[in-house]
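coords please:
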Amino acid sequence: MVVTARIEISTLKGCKMVRELAKYKKIVVFDNPLPLDDDGLPILNYSSEEVEDMVWDKLSGYYGVDVRKL
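As a prediction, this is how the structure comes out:
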């Protein structure tokens, strides 16, 4: 028998409950599905252009200059 439960982890009680369940690794399996957009694709899907922009932004923030202009 399998039981599916939703636990709100934004509360302290929910976080504590998840930590307690995580102790039982042979019995408890966590399934955290990604939210889907209108097309049924995970919202966390990025195009290659978006990923490239994120990389340049991270590097620019790290070095303190716009690395795209170097």
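
what about the helices in this structure?
In the chain, the helices defined using DSSP state H lie at 12-22, 48-63.

could you dump the ones you listed to TSV with distance to Asp37?
For every residue, glycine as well, the C-beta is placed using N, CA and C. As requested, these are exported to TSV (distance: least, Cβ to Cβ, whole Å):
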stretch	distance to Asp37
helix 12-22	25
helix 48-63	14
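
turn those helices into CSV, columns for distance to Leu34, mean neighbour count and mean pLDDT.
Rendered in CSV, the data for those read as follows (distance: least, Cβ to Cβ, whole Å; neighbours: other Cβ atoms under 10 Å; pLDDT from 0 to 100):
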stretch, distance to Leu34, mean neighbour count, mean pLDDT
helix 12-22, 18, 12, 92
helix 48-63, 16, 11, 92
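
figure out which of those helices is closest to Leu70.
Leu70 sits nearest to helix 48-63 of all the helices of the chain, at 9.1 Å, using Cβ to Cβ.
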